[in-house]
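Peer 1: What follows is a predicted structure for the sequence shown.
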Amino acid sequence: MDEETSESTDSMDIFSDEILQYQRDIRENKWDSYSWRSLMSAIIQLPIESVRDIYEESALVFPTSAKFWKQYAEHEIQSGNNENAEKIFQRCLISCPDVELWRSYLVYLIEEKSKKVPNLNIFGAFELAIEKVGMDINSSQIWIDYITYVADYKSRDLNEIARKEMLRKLYQKAVTNPTHKIEEIWKEYNNFEYAWNDILAKALIAEHGPKYMAARTTYRERKNYLEGIARNMLAIPPGINPKHQQQVFLWKKLIAYEKGNPQRIEDEDLVKRVTYVYNQCLLYLYRYPEIWNEFAQYQVENKNYEYAKKIYTQGLCAVEDSFLLHFAYSNFLESLGNIEEAVEIYEKLLNKKDDTLVYIEYMRFARRSIDMKAAQKIFFRAKNSPNATYHLYIAAAKIEYHINGNYIAAKNIFQIGLPLFKKGDLDKYIIEYMQFLFDNNDKETIEDIFKKATHDFSEEETPEIWNTYLEFRRMQNKSVQNIKKKKKGIVNQIHRFKYMDLWPCSFEEINALTYEKKSSTNIKPNNSDRIVPDFSLLVDYPIEETPVAVDKFLKMLPKGNWDGPVIEAESIILLVMNANIE
């Protein structure tokens, strides 16, 4: 038995049945938050050598869990493994802007390293902490700790005057930062100034008072927006825990508030503030592609293109199978003129998942940014894929017709696709083909297609085909051109990258990200079991004979002009709504 196997066996021997059960539950479902939290609580008292693998696994599954990282580092410190702890802090501090994690690091530096390392490193660590998490509403204690450390610091390299100036600058920064203990820090600042010079104190307090008041007002507003946000939530994908939908809504509401610049700070500081909130949000919504996309788009709006590129890259590591994020990133690169990089995004995605929607979006991109032959080449490559669906032929035909202006080529592509699909897909394909012919008033071909459809399907099986044909018959003597309005709102970009019933993200992702507009969002990807009617297929039903009940009702109505009282419907409705009915 080798050394590694021996250590693994020893670890198993000291694990309780409870820990082993948590591990089994996690193997069955790696997103089991309850089992993960219980497991991490259970291993705190065990030897670090026996649980390092568990910590490393938690870092892979939940790389933004500051709580797990903090426990891992502190476990190493308690075991006397300071070097290991420092490596852990280096791995997580920048990527996890969490106040408690940074405080743990600062405490470690002060308690464990102050005797061995020049104190300048401690100052540098505090400055970095202020830069990374100093604007957090929970960062009060870091500011207080920094102020206390400077006040107590005695050394030749910092004389009394320099120390006093350093404290003054710290206080003045802290009192303009909306945090939980802002009032306490303001009182301490007042005491600090008046302890030195009453006249100067009055002038400085008068100068910084309005900034403090504005920060205090913002703090109270921000605190309300933060209520309900769960800071102990593990970053699991959409759709696993329904409660996370509410979290998405609350985070998006907070981000919108911050974008409104409630503190009236400079544009550059505002971008930093909103960026910080997005980074905070991603600690918990790390697996949500739309949050990554919104974050990147915000940077694009502010012309921070390199940072936007970094965000997209990080997002694709977090949600590597997201079509939406891949398409949005490629679109961003295309807008910068980085065509080769955009091509690389599509190729990498196809290597991971050979999917029709990827080919369709790739074709559109190629026709836009390269040329017609490039798009056609992708189509020929795609149609040989075993995963190709009828959507591919429809998309290729529409590119030929709408962009290349070639009706014959488009029609030929539709014809090529006809014998390739079976029931379930064929009816949808025929409807699209008939609509294409309908729009071009191709009477002869639409009659032929309808005859084929009626041979293969009954009216009960595919009412949409019959409805399309009836509409054609009704309108064939008129000039008809259907123009579909662009969809607007929060799902704008999702609709941009969808094709028919192919979607760039799961229903769970859409449902979570449109939580606040559920009542007005009519989206249903294929994997949903909710049925949403397509009213675009609704046509007038020809009634040849008035039903008996309707005819009886019509005969009961008064003949000629009505001279009786007129009822104001709106007044009646309001009266009923306001009535106190028990």
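Peer 2: Now that the structure is in, tell me what you want to look at.
Peer 1: what helix or strand does Y433 sit in?
Peer 2: helix 426-439 (DSSP states H and E).
Peer 1: how many neighbours does Y284 have?
Peer 2: Residues lying near Y284 (other CB atoms under 10 Å) number 23. From N, CA and C alone the C-beta is placed, and that goes for glycine too.
Peer 1: Mind pulling up the pLDDT for the residue lying closest to it once chain neighbours are set aside?
Peer 2: Excluding the flanking residues, the one nearest Y284 by CB to CB, 6 or more residues apart in numbering is M233, at 4.7 Å. Per-residue confidence (pLDDT) for M233: 94.
Peer 1: was I right about M233 contacting Q247?
Peer 2: Yes - M233 is within contact range of Q247, at 6.4 Å (criterion: CB atoms under 8 Å).
Peer 1: The two: who's more crowded?
Peer 2: Set M233 next to Q247 and count neighbours by other CB under 10 Å: Q247 wins out with 20 against 16.
Peer 1: Next, the contact list for that one, please.
Peer 2: The contact partners of Q247, taken as CB atoms under 8 Å, 6 or more residues apart in numbering, are 229-230, 233, 284-285.
Peer 1: What distance do you get for it to D321?
Peer 2: Taking CB to CB, to the nearest Å as the measure, Q247 falls 22 Å from D321.
Peer 1: How about K303?
Peer 2: Here K303 is placed at a distance of 30 Å from D321 (CB to CB).
Peer 1: can you check I144 too?
Peer 2: Distance from I144 to D321, counting by CB to CB: 44 Å.
Peer 1: Show me which of those two is the more surrounded one.
Peer 2: More crowded of I144 and D321, by other CB under 10 Å: I144, with 17 against 14.
Peer 1: what residues are up against the more buried one?
Peer 2: By CB under 8 Å, 6+ apart, the neighbours of I144 are 181, 185.
Peer 1: sec struct for it, please.
Peer 2: Using DSSP: H, G, I helix; E, B strand; the rest coil, the structure places I144 in helix.
Peer 1: measure it to N191 for me?
Peer 2: Distance from I144 to N191, by CB to CB: 14 Å.
Peer 1: do the same with N406
Peer 2: From N406 to N191 the distance is 81 Å (CB to CB).
Peer 1: And the pLDDT at K487?
Peer 2: If you check K487, the pLDDT there is 32.
Peer 1: R530 too?
Peer 2: 42.
Peer 1: for the top helix by length along the chain, which positions count as buried?
Peer 2: When the chain is parsed with DSSP state H, its longest helix is helix 198-226. Neighbour-count burial for helix 198-226, counted by 16 or more other CB atoms under 10 Å, picks out 201, 204-205, 208, 212, 214-216, 218-219, 222, 225-226.
Peer 1: Next: stretch 243-256.
Peer 2: So for stretch 243-256, counting by 16+ other CB under 10 Å, buried means 244-245, 247-252, 254-255.
Peer 1: could those be laid out in JSON lines, adding pLDDT?
Peer 2: JSON lines is the format used below for these (pLDDT from 0 to 100):
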{"residue": "H244", "pLDDT": "90"}
{"residue": "Q245", "pLDDT": "90"}
{"residue": "Q247", "pLDDT": "95"}
{"residue": "V248", "pLDDT": "95"}
{"residue": "F249", "pLDDT": "95"}
{"residue": "L250", "pLDDT": "96"}
{"residue": "W251", "pLDDT": "97"}
{"residue": "K252", "pLDDT": "96"}
{"residue": "L254", "pLDDT": "97"}
{"residue": "I255", "pLDDT": "97"}
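Peer 1: Which ones among these lie within helices?
Peer 2: 244-245, 247-252, 254-255.
Peer 1: So L316, which state does it fall into?
Peer 2: L316 - assigned by three-state DSSP - is helix.
Peer 1: Tell me, what's the model's pLDDT at it?
Peer 2: The model reports L316 with a pLDDT of 97.
Peer 1: Also the one 3 residues further on?
Peer 2: Reading off the per-residue confidence, V319 sits at a pLDDT of 96.
Peer 1: Skip the chain neighbours and tell me the closest residue to it.
Peer 2: If you skip the residues right next to it in sequence, V319 has P289 as its closest partner in space, 4.6 Å away by CB to CB, 6+ apart.
Peer 1: now I360
Peer 2: Leaving aside its sequence neighbours, I360 sits nearest to A395 (CB to CB, 6+ apart; 4.4 Å).
Peer 1: N406 and N191: who's more crowded?
Peer 2: Shown here are N406 and N191; by other CB under 10 Å, N406 has more neighbours (16 against 10).
Peer 1: can you tell me how far the more buried one sits from E400?
Peer 2: For N406, the distance to E400 - CB to CB - is 5 Å.
Peer 1: Pull out the buried positions in stretch 228-244.
Peer 2: Going by neighbour count (16+ other CB under 10 Å), the buried part of stretch 228-244 is 229, 233-239, 244.
Peer 1: what's the answer for stretch 90-106, then?
Peer 2: Buried, per 16+ other CB under 10 Å, within stretch 90-106: 92-93, 96-99, 101-106.
Peer 1: and the residue nearest to D145 when sequence neighbours are not counted, what helix or strand is that in?
Peer 2: Nearest residue to D145 in three dimensions, chain neighbours excluded: L106, at 6.5 Å (CB to CB, 6+ apart). Using DSSP H and E, L106 maps to helix 99-108.
Peer 1: Could you list the residues in contact with that helix?
Peer 2: 66-67, 69-70, 73-74, 77, 85, 89, 92-93, 125-126, 129, 132-133, 136, 138-139, 141-142, 145.
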